[in-house]
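Trainee: quick one: sequence plus predicted model below, questions after.
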Amino acid sequence: MSIVLKAINCLPVKGLSAQSLASTQLDVDRPIAGDRRFALARGGVAIAASAQTWLNKGHFLQLSRHARLATLVSHFDAESEVLTIFRRDRQVSCGKISEPLGRALIEQFFTAYLSDSISAPPKLLDSIDGWFSDQRDGLLSLINLASLRDIERVTGRAVDLRRFRGNLIIDTAQAWEENSWIGKKIQLGQAQLSVVEPIERCAAVNVNPEDGQRDMNLVHDLERGFGHRNCGVLLRVIQGGNIAAKDHLQIS
């Protein structure tokens, strides 16, 4: 059975939602351009407003601690450098991040929105040409819808794909097939990627992206049903090139 790339996602702000891409250019040893470019540093944490070195997730606001982040949708327009935040289809904040006023407007919104769970105003960081992902290396994540359906079999409930915040979405004939690709290569469009390792999940997946409630314990369900906490795999770009939704994957 041919494996087709169903969707490409970029997550502009660490801890917030994805925006869908029809296509993108992949570069060697880098994530999708713009993925986790921004992050909200926890109030009181001394970090420069423009941080270009990797920092672990404990420095930032994150879903596992601030579940209300799940209800927000972010969109970044690289041409205008405007970051827009939506909640329930309504724009709640907008700012040009290359300007101090624009960053301040975004920070003021999050200070108010999370006032009951933070002790100091967060600071919006721009990695500029870097990333604020959980991994130090520039990797992409791949999620298999067949594996998600198997998780739903264990939980007995629908599980929203958005909980897993994947960059590349596929659907294979067999659940967990992606785990057998560790150490193999994927040809996708003009790019080639190596499959590095499974993704071990944390409590962030327990948060419902619709209402921001911790309404499931998917970490426990993964351990109970499969003996591990993994869902999805991490990929490294080893040959750059353009990829597009509906491209076919070739495994070797």
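Mentor: Nice, I can see it. All values reported here derive from a predicted model rather than from experimental measurement.
Trainee: show me the protein divided up by domain.
Mentor: As recorded under automatic domain parsing, the domains making up the chain are 3-31+135-251, 38-126.
Trainee: can I get the ones you listed in CSV with mean neighbour count?
Mentor: Any C-beta I mention is one placed from the backbone N, CA and C, and that applies to glycine too. As requested, the domains of the chain are arranged in CSV below (neighbours: other Cβ atoms under 10 Å):
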stretch, mean neighbour count
domain 3-31+135-251, 18
domain 38-126, 16
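Trainee: can you redo those domains as TSV with mean pLDDT?
Mentor: Putting these into TSV (pLDDT from 0 to 100) gives the following:
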stretch	mean pLDDT
domain 3-31+135-251	97
domain 38-126	87
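Trainee: from residue 195, how far out is residue 233?
Mentor: 5 Å (Cβ to Cβ, to the nearest Å).
Trainee: which residues do those two both contact?
Mentor: Here residue 233 and residue 195 share the contacting residues 142, 178, 181-182, scored by Cβ atoms under 8 Å, 6 or more residues apart in numbering.
Trainee: quick check, nearest of those to residue 168?
Mentor: Lowest distance from residue 168 to the shared contacts of residue 233 and residue 195 (Cβ to Cβ) belongs to residue 142, with 4.4 Å.
Trainee: residue closest to the middle of the protein?
Mentor: The centroid of the chain falls nearest to residue 165 when counting by Cα atoms, centre = their mean (4.1 Å).
Trainee: isn't there a strand covering residue 147?
Mentor: No: counting by DSSP: H, G, I helix; E, B strand; the rest coil, residue 147 falls outside a strand, being helix.
Trainee: next one: phi and psi at residue 100?
Mentor: The phi and psi values for residue 100, taken as degrees, to the nearest 10, are phi -50, psi -40.
Trainee: quick one: residue 157 and residue 215 touch, right?
Mentor: No: contact status for residue 157 versus residue 215: not in contact, 9.1 Å apart, counting by Cβ atoms under 8 Å.
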